[in-house]
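Undergrad: sequence first, predicted coordinates after that:
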Amino acid sequence: MAIDPRTPVLIGTGQVVQRAEGIDDARDAVALMGEAITLAAADAGLSSVPNPDAIRVVSLLSWKYGNPAALIAEDLGLTPRETGLSAMGGNTPQTLVNKASREILAGEADLIILTGGEVTRTRARYAKAGKEPNWRTSSVPATLVSEDLVMNMPEERERKIVMPIQIYPLFETALRAQAGHGIDEHQKYISELWSRFSQVAAKNPYAWGQKAYTPEEIRTPSPTNRMVGFPYPKLMNSNNDVDMSAALILCSAAKAESLGVPRDRWIFPQSGSDAHEHPFISNRNHFYDTPAIELAGRRVLELAGLTINDIDIVDLYSCFPSAVQLGAKSLGLDINSQLTRTGGLPFAGGPWNNYVMHAIATVARELRDGVGKTGLVWGNGGYTTKHAFGVYATEPPKNGFTYDYPQDQIDALPSRQLASPAEAADAGETTIEGYSVMHDREGGIERIIATCILSDGRRAWGDSTSADLGRDMCANEWVGKQVRLDASGTLLA
């Protein structure tokens, strides 16, 4: 079958894991990204990195480079017309693949390099040594290549409810109650899920951690697995303390041919979609479902002419167990099937916004190796807020690369209003919807955060510093219980 010369093709992937012993032998994120790009070019069968139309970097947190893409271009001797930097969010790598594929198809670009990397572990070592890295910065303006999304309303920020480690446990308790599981039963359920993920990481040469954990090791608090935000001990939380980078090279089929990239290296993006839930968690209709995943996931499959049962290889975003459960449920996937190809963010490593680039690289490698013919990648940013999907295959798409952004349909879905603390106090009894019990580093109970549903359907936030209440919430189910809130938002049990 003749291939449209404008068909977008993924020709090369590269992944780097840096295990420096200290700070003197550690390279910075730009150096790691440059290496990942060089590896991606070699992966495509090329002797050098081809000059791109654009180098786009996933926004990073371990150093403020200004324009890291400009520094990478300088190091590699490249002259792209665009050096781009994304907004924040774990959805970003797949969003950038969707954007690049559309531009290549439209003839706006012939070859685009995507990369991202973090050296959070090395930065922590600098801090521990009382030193500051002498890494470069660039004053060349970077082009913003993805849109940002405000995800916290003022009321959430005022109550200091902004951290993923606080919020994903709320989803988990809501999922637990909806499933009708007891606390011990559910801890076993999610630890078995996470054990399966760790077994994948143990066999992944690019995983940060390569130990397979038993379910008991994962769910049992210990000196090395302290409770963070119940019901999650440390091993159920994303591990951002890593030095990792990845890169992808995408181009048109015509460009791939002109470069001499062997046909067996080509992987074809079939379709893409992007969408987000109601931006503020206070306005979500429920914490046990994610309608934007369901809708945008269904669309990306429809565009590819496939169903979820036609997908051979899946990688779901996996910062916390609740994210995987929400994603699998919305996509119609069996929770016991293989839902990661890397091992997930706690085990393979969660380099802030760039995990999904490692997932795409791994899925592409497995497709090339004949593990399957079709792959689906889901990226997530925020609190299962921002979503990006991509379908990949070993054969070109029958109708060309297709894309959708069905946000208008999601915005029209039901939402909730947030009641003020005074309004919630006046409402009388309210029902707990979800909760997390935050622990300090010594294992003591620090704070309870709960969301409650008033009789009129509005949501209200409550919290408490009662250690006795926190211990009871860790031992007994509190979702569905009737409680009161005072005018300051304190939970009265």
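TA: Received it, and whenever you're ready, just let me know what you need.

Undergrad: what count of nearby residues applies to the spatially closest residue to Q409 that is not a sequence neighbour?
TA: With sequence-adjacent residues excluded and distances taken as CB to CB, 6 or more residues apart in numbering, Q409 is closest to L295, at 6.1 Å. Where you see a C-beta, it was placed from the backbone N, CA and C, and this is true even at glycine. Neighbour count of L295, defined by other CB atoms under 10 Å: 20.

Undergrad: next, the buried residues of stretch 95-111.
TA: Neighbour-count burial for stretch 95-111, with 16 or more other CB atoms under 10 Å as criterion, is recorded at 95-105, 109-111.

Undergrad: now, those that are in helices?
TA: T95, L96, V97, N98, K99, A100, S101, R102, E103, I104, L105 (DSSP state H).

Undergrad: for the residue nearest to the first one when sequence neighbours are not counted, give me phi and psi.
TA: Taking CB to CB, 6+ apart, and ignoring the residues beside it in sequence, T95 has A388 as its nearest neighbour in space, at 4.3 Å. Summarising the backbone geometry of A388 under the convention degrees, to the nearest 10, its torsions are phi -140, psi 140.

Undergrad: and the pLDDT for M1?
TA: Listed pLDDT for M1 reads 63.

Undergrad: what about the closest residue to A467 other than its chain neighbours, neighbour count?
TA: Excluding the flanking residues, the one nearest A467 by CB to CB, 6+ apart is I445, at 4.5 Å. By other CB under 10 Å, the residues close to I445 number 21.

Undergrad: which pLDDT value does the model give I445?
TA: The per-residue pLDDT reported for I445 equals 97.

Undergrad: hmm, it is touching S464, no?
TA: No: contact between I445 and S464 fails when scored by CB atoms under 8 Å: they sit 9.6 Å apart.

Undergrad: where do the contact lists of these two overlap?
TA: Counting by CB atoms under 8 Å, 6 or more residues apart in numbering, the shared contacts of I445 and S464 are G470.

Undergrad: for L491, what are its contacts?
TA: Applying CB under 8 Å, 6+ apart to L491 gives the contacts I448, A450, G462, D463, S464, L469, V483, L485.

Undergrad: let's go with 7 Å and repeat that
TA: L491 makes contact with I448, A450, G462, D463, S464, V483, L485, according to CB atoms under 7 Å, 6 or more residues apart in numbering.

Undergrad: any idea which element the second one lies in?
TA: Yep, that's A450 we're talking about. Secondary structure assignment for A450, by DSSP states H and E: strand 445-453.

Undergrad: following that strand, which helix or strand shows up next?
TA: Counting by DSSP H and E, the next helix or strand C-terminal to strand 445-453 is strand 459-464.

Undergrad: let's see the helix or strand just after that next one as PDB, backbone CA atoms only.
TA: As assigned by DSSP H and E, the chain's next helix or strand after strand 459-464 is helix 467-475. Output in PDB follows, covering the C-alpha atoms of helix 467-475 (Å, rounded to 0.1, in the frame of the first residue of the first chain):
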ATOM      1  CA  ALA A 467      -4.900  12.000  66.000                       C
ATOM      2  CA  ASP A 468      -7.600   9.800  67.500                       C
ATOM      3  CA  LEU A 469     -10.000  10.600  64.600                       C
ATOM      4  CA  GLY A 470      -7.100   9.900  62.100                       C
ATOM      5  CA  ARG A 471      -6.400   6.500  63.600                       C
ATOM      6  CA  ASP A 472     -10.000   5.600  63.500                       C
ATOM      7  CA  MET A 473     -10.200   6.700  59.800                       C
ATOM      8  CA  CYS A 474      -7.300   4.400  59.000                       C
ATOM      9  CA  ALA A 475      -8.900   1.400  60.700                       C
END
